[in-house]
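Asker: How does the following fold in three dimensions:
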Amino acid sequence: MSITPRSRIVVGCTLLVAALGAGLTACGSNGAEALSDRPYDAADEISFNGPTEAGKKADPDKPLEVTATGDGRITDVTAVDATGRYVTGELAADGSRWHSTSPLASNAHYTVRVSTEDDDGAPGRKTIDFDTAKPTTKKSLDVTFGPKAGTYGVGQPVTADLSQPVKDKAQRAIVERALRVDSVPAVPGNWYWVNDKQLHYRPKEYWPAHATVQVHSNLEGIRVSDRLWGGKAKPLKLTTGDQLVALTDAGSHTMTVYKNGAVLKQIPITTGKPGFETRNGVKVILEKQYYVRMKSSTVGIAEGTSDSYDLPVYYATRVTWSGEYVHAAPWSVGSQGYANVSHGCTGMSTGNAEWFFNTVRPGDIVKVVNSNGAQMAPFDNGFGDWNMAWAKWRAGSALTSGTADAPKPEDAARLQPTAV
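Answerer: Modelled structure (predicted):
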């Protein structure tokens, strides 16, 4: 029987399904009668490049291949391990061969289901089970997700710290595909490689209020390189609270706090004076400290000069690791709402600082506008992730064709507190 145009449609549909790693096809065969036929054993019509002897194990470094050896053709292949992870693959247009396109896990059990069709349209089936060998190296790529489980503001990025550096883009793609972030409600998001050992994940916009974010890794047992295999990772669950954004206008000396888009409170403030201007841009609250001792010497201001200070500071809400806070500044109440007199922090009365301290949580947003200061950097001084345009953020993924500016090695450095 010759191959009809409808038969070719069958192959095209199964090619798409196999590439997606799915287990069902949506297209029919070339005859209604064939759909009701009981599948025959197709063992004699396919070959498999894995172990055939009892006790033998497959090499996880090699791709999985299934080949049609007779006059029939392969219409669908699904391969899944015992934990439910699917192996993606590609099926040749003529149905002669299927091969995996994602790596196999080591020390795992796989079940492969192959569907075939002979020249008369009769369906065949074959199920293959095999085990993969243990890795030949002990070097493990473990993943630690952050922050700690809990409730955060809508600006909180997810972080993934790797135990080993990964520089090659193809190897990064293997790692990135295995790191999953799911949110309810669902929003588009992306990983960004901050450096060889750290990734950040954020949505295109802020997380929705009252969302649930779950993070996990499918990397365990996966070969990343010749000497590096995926290790363990503890899953992470986060929730978000209300959307709280503190818009800090250095020009009008006013902070307006918004809750879910509505004005909650307006506060007179002071920000950085000339030479110590507060950074513009979006900052994510890092932590809250009831008391911090701030010394000018830690930011290079010599003791005894006109700008030196050594002060106890209360209700301190940190927004950068180098020492920028929103805090109580009772010594500058006369300037708050009128002039910028601080050394870079946002100062307010003790009562307003206490209210702000008790209202916000880590992950909430502080956005500074109309300052003459520099722009908040994305990674070198806290969570400035939201200051990067979405197109550039996506280019920092190993799964896109774009390129991103290489981050500096010092980007992860945490500096000491101190500006007032």
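Asker: what about the stretch of helix or strand residue 125 belongs to, distance to the chain center?
Answerer: Assigned by DSSP states H and E, residue 125 belongs to strand 123-131. Distance of strand 123-131 from the chain centroid (C-alpha atoms, centre = their mean, to the nearest Å) equals 35 Å.
Asker: the strands in the stretch 101-250 of the chain, which residues?
Answerer: For the stretch 101-250 of the chain, strands defined by DSSP state E, counting those that start in this stretch occupy the ranges 109-117, 123-131, 140-146, 150-152, 158-162, 179-184, 189-195, 198-203, 212-217, 223-225, 228-233, 236-240, 244-249.
Asker: Run through the residues that contact residue 359.
Answerer: Neighbouring residues of residue 359 by C-beta atoms under 8 Å, 6 or more residues apart in numbering: 244, 257, 264. No exception for glycine: its C-beta is placed from N, CA and C like everyone else's.
Asker: what does the average pLDDT come to for the strand holding residue 125?
Answerer: Averaging pLDDT along strand 123-131 gives 88.
Asker: Compute the number of surrounding residues for residue 323.
Answerer: Residue 323 has 23 neighbours, counted by other C-beta atoms under 10 Å.
Asker: sorry, back to before: show me which residues of the strand holding residue 125 are buried.
Answerer: Neighbour-count burial for strand 123-131, with 16 or more other C-beta atoms under 10 Å as criterion, is recorded at 123, 124, 126, 128, 130, 131.
Asker: picking that back up, which of the contacts of residue 359 tops the neighbour count?
Answerer: Neighbour-wise, those (other C-beta under 10 Å) top out at residue 244, 23 neighbours.
Asker: For it, which non-adjacent residue is closest in space?
Answerer: Leaving aside its chain neighbours, residue 244 sits nearest to residue 364 (4.4 Å; criterion: C-beta to C-beta, 6 or more residues apart in numbering).
Asker: and if you look at residue 184?
Answerer: With sequence-adjacent residues excluded and distances taken as C-beta to C-beta, 6+ apart, residue 184 is closest to residue 212, at 4.8 Å.
Asker: check contacts around residue 45.
Answerer: Residue 45 neighbours (C-beta under 8 Å, 6+ apart): 68, 69, 70, 71, 72, 116, 118, 124.
Asker: Name the nearest residue to it, sequence neighbours excluded.
Answerer: Using C-beta to C-beta, 6+ apart and skipping the chain neighbours, the partner closest in space to residue 45 is residue 70 (4.0 Å).
Asker: Also residue 263?
Answerer: Residue 263 sits nearest to residue 256 (C-beta to C-beta, 6+ apart), 6.1 Å away.
Asker: And the one you found, which helix or strand is it part of?
Answerer: strand 254-259.
Asker: Thanks a lot, catch you later.
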